[in-house]
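>>> need a 3D model of the following:
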Amino acid sequence: MDLIQANEQYVHLKNWWEKIDLTNYEKSLFNLEIITFNQQLIRLKEKKLRIGIYGKAGVGKSSILNLLLNEKVFKTDIINGSTKKVEAKEWFFKGQMLKSIELLDSPGFDFCNINSSENTYSLINNSELILFAISGDLNRNEVNKINSFIKDGKRIIIVLNKIDFWNEYELDEIINSIKLKIPKDAFIPIIKNSGNNIKNYIKETLNRYGEILLIINSLQLADKLFTKIKEQRLKKRKKAAQAIIGKYATLKASGVALNPLLFMDIAGSYALDTALISELSKIYGLSLKGTSARNIIKKISINNLYLLATQVGINTSFNLIRKIILVSAPLTNGISLLPYGPIAIIQAAIAIQSTKIIGKLAAKEILIRSKVCYLDPTFIIKKISLKEPEILNYINIYLSKRNLNNNFSIFLP
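Numbers count the residues shown, from 1 in each chain. Next up, the predicted model:
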């Protein structure tokens, strides 16, 4: 990816962020995330990539970084836990494509207390590239940490350190065991820290994928912030949406119960459903015109045929019964009118329930449509055309994990 494309993504993200009008409450609530994202924007602009190293205490994380730097910068000791907090150092090497590379050393995740461990994970998780250091086969805790990084869309390299403890056969056994414990579709390389193996591999990775990793990490941080903001707003909009759905359910119920003509029931219900969707779109920040609203109704009806059957089939039967009742009323001195009221009530109840279902499904569809914007972070991630399967697959894993329908379903009316 060349310099112009990287700058273009920076402009896209900057414009996207400037278009989000935050309330003072939202600025306060998401202060830390906003600071993190703005720092990432600066790093994207300055082409400053970050590499974080992570792992248990005593696996040689600091030693690996010192090997990359070719000098003893990070403290090492024979006693586990010599690194007490996350420390940073810039790394420069011959032929470097990026303007700056920052190495982050971290204490062992099994050596920290709970609070500092979460903070360490968060700092390393904001890196573009994560070196996951191990000194043998993976245990359950290490597998869980790797899976967490994968879920967050991170690019990981497993560095097998202290290989002098094993012969070649044992090393092959360890590597094969590791491969069975990590997702195959994540394409996580396992590099033995021997000679200049790890240094050469990281240099090649950075020169080939460096700017892409920086761009994608920026987009992912933007997407995570966007998701939190939207979740907060959806919580507030849920009540407003429920009130609107209730209003139109009442109107439809009244019309269906009082109107004996089937075609007027259908036309009236369709008009009310269209108006309902238009009102819901305003609540969720997406102004839909009549045509778009009708397209949503069509999509809902096709995907949920029971709604159509409920509103048309059952109402047709009930309307036929009501017509017979009305026609026969003079012949029975009005006695046949007795069931008219209960039937009308049943039809009204069906109208209320179907309106609620349509409202919920329409709200979900509106949410999905509101995400389709050329400035939207997820939209840009999906549009990035990458030929390398190693990069493409871990992006797809990230996108599948943060599926919109699952994320926002609890906030729907």
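
>>> all strands of the chain, in order?
48-55, 87-91, 100-105, 129-134, 155-160, 190-192 (DSSP state E).

>>> to residue 397, which of the ones you listed lies closest?
Residue 397 lies closest, by Cβ to Cβ, to one member of the strands of the chain: strand 155-160, at 10.9 Å. Where C-beta positions appear, they are placed from N, C-alpha and C, glycine not excepted.

>>> contact partners of that closest one?
Contacting residues not belonging to strand 155-160 are listed as 53, 64, 128-135, 146, 149-150, 171, 174-175, 178, 182, 186, 188-193, 198, 201-202, 205, 209, 213, 391, 394 [Cβ atoms under 8 Å, 6 or more residues apart in numbering].

>>> try stretch 25-33
Stretch 25-33 has contacts (Cβ under 8 Å, 6+ apart) with 22, 34, 224-225, 228-229, 232.

>>> of all those, which two lie farthest apart?
Longest span within the contacts of stretch 25-33, Cβ to Cβ: 22 and 224, 15.5 Å.

>>> more crowded one of these two?
Comparing residue 22 with residue 224 by other Cβ atoms under 10 Å, the one with more neighbours is residue 224, at 17 against 13.

>>> tell me the spacing between the closest residue to the more buried one other than its chain neighbours and residue 206.
What sits nearest to residue 224 in space, not counting adjacent residues and going by Cβ to Cβ, 6 or more residues apart in numbering, is residue 33, at 7.4 Å. As judged by Cβ to Cβ, to the nearest Å, residue 33 and residue 206 stand 27 Å apart.

>>> and these two? Which one has more around it.
Applying other Cβ under 10 Å to residue 33 and residue 206 shows that residue 206 carries more neighbours, namely 23 against 15.

>>> local confidence estimate at the more buried one?
The model reports residue 206 with a pLDDT of 93.

>>> do residue 100 as well
Value for residue 100, per-residue pLDDT: 91.

>>> one more: the one 5 residues further on?
What the model reports for residue 105 is a pLDDT of 94.

>>> and for residue 189?
Looking at residue 189, its pLDDT is 93.

>>> my guess is it meets residue 201, correct?
Yes. Residue 189 is within contact range of residue 201, at 7.2 Å (criterion: Cβ atoms under 8 Å).

>>> longest helix of this structure?
The longest helix of the chain (DSSP state H) is helix 197-258.

>>> give me the angle between it and strand 87-91.
110 degrees (axes from the mean of the first three to the mean of the last three Cα atoms, to 10 degrees).

>>> okay, now the domains of the protein?
Recorded structural domains for the chain (assignment: automatic domain parsing) are 3-229+378-403, 234-373.

>>> pLDDT at the closest residue to residue 68 other than its chain neighbours, what is it?
Of all residues not flanking residue 68 in the chain, residue 199 sits nearest, at 5.6 Å (Cβ to Cβ, 6+ apart). Note on residue 199: pLDDT of 94.

>>> pull out the buried positions in stretch 196-208.
Buried residues in stretch 196-208, counted by 16 or more other Cβ atoms under 10 Å: 198-199, 202-203, 205-206.

>>> export it as PDB, just CAs?
Extracted in PDB, the C-alpha atoms of stretch 196-208 (Å, rounded to 0.1, in the frame of the first residue of the first chain):
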ATOM      1  CA  ASN A 196      18.300 -13.700  13.200                       C
ATOM      2  CA  ASN A 197      15.100 -15.700  12.400                       C
ATOM      3  CA  ILE A 198      12.700 -13.500  14.300                       C
ATOM      4  CA  LYS A 199      14.400 -10.200  13.400                       C
ATOM      5  CA  ASN A 200      14.400 -11.000   9.600                       C
ATOM      6  CA  TYR A 201      10.800 -12.200   9.700                       C
ATOM      7  CA  ILE A 202       9.500  -9.100  11.500                       C
ATOM      8  CA  LYS A 203      11.500  -6.800   9.200                       C
ATOM      9  CA  GLU A 204      10.000  -8.500   6.100                       C
ATOM     10  CA  THR A 205       6.500  -8.400   7.600                       C
ATOM     11  CA  LEU A 206       6.800  -4.700   8.400                       C
ATOM     12  CA  ASN A 207       8.100  -3.700   5.000                       C
ATOM     13  CA  ARG A 208       5.400  -5.800   3.300                       C
END
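
>>> lovely, talk soon.
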